[in-house]
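**Student:** What would the 3D arrangement of this be:
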Amino acid sequence: MPRTGVPVVLYYGAVVALLALAGILPMRPGLAVDALAAMAAGSWCALNFWRCRHAHCAVSGAGWLGLALLSFVEAGLGRSVIGGNEQPVFLGVLGAALAFESIWCLTRGTNAIGLLRRQANPT
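**Tutor:** Sure thing, here's the model as predicted:
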């Protein structure tokens, strides 16, 4: 899975296109398409976190996969349980992920979440 270049632009473009399509569809198929977009974005970030440990991917991967699950359930019910706010929630997850990474980077000096290592006792 590349992290730069044309494949990334196409992948992100597909997610944006799915979100745009969901907005013009009737409720049930629109929720299913929202779920598909959230699953695509969440899967990308979850796999990226596994590979690179970027702090924002921990939040966006979990948030978007959770939104995908919720939206699939909503599509099955045929109605939104969050008042049709799936797309604002999608953007909220993005904002929370970027805010988390900013705070992580400011406090830790890196944007990567690494394994905690025990420091040797210098005495």
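**Student:** pLDDT score for residue 45?
**Tutor:** At residue 45, the model reports a pLDDT of 93.
**Student:** next SSE after the helix or strand harbouring it?
**Tutor:** Assigning secondary structure by DSSP states H and E places residue 45 in helix 27-52. Later in the chain than helix 27-52, the nearest helix or strand by DSSP H and E is helix 55-77.
**Student:** contacts for the helix or strand following that next one?
**Tutor:** Moving toward the C-terminus from helix 55-77, the next helix or strand (DSSP H and E) is helix 86-108. By C-beta atoms under 8 Å, 6 or more residues apart in numbering, the list of residues contacting helix 86-108 from outside reads 19, 22-23, 31, 34, 37-38, 41, 45, 54-60, 63-64, 67, 70-71, 74, 80, 82, 110-111, 113. Quick note: C-beta positions are derived from backbone N, CA and C, even for glycine.
**Student:** Show me just the buried residues among the residues you listed.
**Tutor:** 19, 22, 31, 34, 37-38, 41, 45, 54-60, 63-64, 67, 70-71, 74, 80, 113 (16 or more other C-beta atoms under 10 Å).
**Student:** re the thing from before, in the helix holding residue 45, what's buried?
**Tutor:** Buried residues in helix 27-52 (16+ other C-beta under 10 Å): 30-42, 44-46, 48-49.
**Student:** cool, stretch 74-94 as well?
**Tutor:** Buried residues in stretch 74-94 (16+ other C-beta under 10 Å): 74, 75, 80, 86, 87, 89, 90, 93, 94.
**Student:** For the fourth one, give me the pLDDT.
**Tutor:** Model confidence at residue 86, expressed as pLDDT, equals 97.
**Student:** I figured residue 45 hits residue 60, correct?
**Tutor:** Yes. Between residue 45 and residue 60 there is a contact at 4.4 Å, judged by C-beta atoms under 8 Å.
**Student:** which residues sit in contact with residue 78?
**Tutor:** Contacts of residue 78 (C-beta under 8 Å, 6+ apart): 27, 28.
**Student:** got a pLDDT number for it?
**Tutor:** Reported pLDDT for residue 78: 96.
**Student:** just residue 116 next, same as before
**Tutor:** So residue 116 comes in at 52 (pLDDT).
**Student:** From here on, call the first residue 516.
**Tutor:** Okay, using 516 as the starting number, the last item reads as residue 631.
**Student:** Alright, calling it a day.
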